[in-house]
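Trainee: Generate a structure from the sequence data that follows.
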Amino acid sequence: MTVQELETGGHLLLKCRSGSHAYGLATPASDEDFRGVFLLPLDRLLGLHYLPQVADATHDRTYYELGRFLELLGKANPTALELLGTEGENVLYRHPIFEQLAPEDFLTRACRDTFAGYALTQIRKAKGLNKKVHNPVSAVRKGVEEFCYIIEEGRSRPLRSWADKHSLELTNLALARVDHARDLYAVYHDRGEGWAAGAVKGDRSNTVALTNVPKGEQVIAYLSFNQDGYSTYCRDYREYRQWEQDRNDDRYRGTLRHGQGYDAKNMMHTIRLLEMAGEIFTEGKLNVRRPNRDFLLSIKAGEFTLEEILTIADDRLERLNVAAERSELPEALDAGIVERKLIDLRRQLYASEQ
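Mentor: Here you go, the predicted structure:
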């Protein structure tokens, strides 16, 4: 079943504009996203092909089957709670059955973890993005050689500069392990006899090359290979290249434009989520439409440094934790209660179709 079939086939129970429109944070440049709830035909529900969720290719339109929707509500999922709490002109269709559901019925102490958990994930991403923006990883991949150092006269010197100083070719060097010394190697020099394997195996190698050194050869130096540093660099290099490939270039250009080194839109929603969660515990209700539009949009515009945003987030998180500790909301919903509510709703809906 496709999104179009859901929207035109009479299966929808709820359809709302979501995201910035629902929060009252939309600007002329904001896209329209839609969320909703649908009811499967009875045969489809009872058969082998249960369908919990339907979305288009871009996830701009996402719909949850009633059972899946109740399951998410029972787990204090922020997206489901916001959908149920959407009001006004952003509700495009709402079946009368939804008079029997209210966001307040699903508010529990679990909201602290679900709302704040997502927000903390975004904070970690912001710190990671800030690091990537200000410390880009060169496209030219470093090799093992650049993590090798010669120990000489009580000091360490990069392998390449040491070899150049002594007019030595890396291909004429031979390394042998030093017993009981991690990542330390004795260095020998092959003076043209061809027995040395070289200092490194090749451009794509992950370790140094080892040679079975002929007896009688003299050690000319000792080499330390920073294996841990090289492994960390390789991981960072892979992650950075993957981030470059996957990133939203429009959002990234926006990050560069405001110059603060973080995804301002993500951080706006981070603060929004923390504030909504705090209100759940202080007011006992979910306020989807935000009362501080100008402040939140100033975050989106990049008017705060990352340090200022993190300070604001810490303040909101502290308020949330204090309010949650004082709250009289239940710890969590009884899954049996949620299931009975779902059964009752389905009976009403399918009976009306007969």
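Trainee: okay, now the closest residue to residue 349 other than its chain neighbours: neighbour count?
Mentor: Excluding its sequence neighbours, the residue lying closest to residue 349 (C-beta to C-beta, 6 or more residues apart in numbering) is residue 39, at 5.6 Å. For the C-beta atoms, the positions are set from N, CA and C on the backbone; glycine is no exception. Residue 39 has 22 neighbouring residues, counting by other C-beta atoms under 10 Å.
Trainee: For residue 323, see how far away residue 39 is.
Mentor: 37 Å (C-beta to C-beta, to the nearest Å).
Trainee: how far away is the residue of the chain most remote from its centre from residue 168?
Mentor: Within the chain, residue 216 marks the point farthest from the mean C-alpha position, 57.0 Å out by C-alpha atoms, centre = their mean. Counting by C-beta to C-beta, the gap from residue 216 to residue 168 is 19 Å.
Trainee: Same question for residue 220.
Mentor: 9 Å.
Trainee: Give me the common contacts of these two.
Mentor: Common contact partners of residue 220 and residue 168 (C-beta atoms under 8 Å, 6 or more residues apart in numbering): residue 189.
Trainee: so where's the stretch 201-350 of the chain shaky on pLDDT?
Mentor: 203-204, 246-262 (pLDDT under 70).
Trainee: mind listing the strands for it?
Mentor: 221-225 (DSSP state E, counting those that start in this stretch).
Trainee: Equivalent analysis for the stretch 1-150 of the chain, please.
Mentor: Counting by DSSP E, counting those that start in this stretch, the strands of the stretch 1-150 of the chain are 12-18, 33-38, 53-55, 61-65, 91-94, 148-152.
Trainee: Direction included, what does the longest one pair against?
Mentor: Paired strands of strand 12-18, with direction, are strand 33-38 (antiparallel), strand 91-94 (antiparallel) (DSSP bridges).
Trainee: residue contacts, residue 109?
Mentor: 324, 327, 329, 330, 331, 332.
Trainee: Neighbour-wise, which one of the residues you listed leads?
Mentor: residue 324 (19 neighbours).
Trainee: Which residue, neighbours along the chain excluded, lies closest to that residue?
Mentor: Residue 324 sits nearest to residue 112 (C-beta to C-beta, 6+ apart), 4.4 Å away.
Trainee: and the one you found, what is it in contact with?
Mentor: Residues near residue 112 by C-beta under 8 Å, 6+ apart: 277, 281, 320, 321, 324.
Trainee: Name the residues that touch stretch 194-207?
Mentor: So stretch 194-207 is contacted by 143-145, 148, 159, 170-175, 187-190, 208-211, 213-214, 223, 225, 227, 230, 234 (C-beta under 8 Å, 6+ apart).
Trainee: Of these, keep whichever come out buried.
Mentor: 143-145, 148, 159, 170, 172-175, 187-190, 208-209, 211, 213, 223, 225, 230 (16 or more other C-beta atoms under 10 Å).
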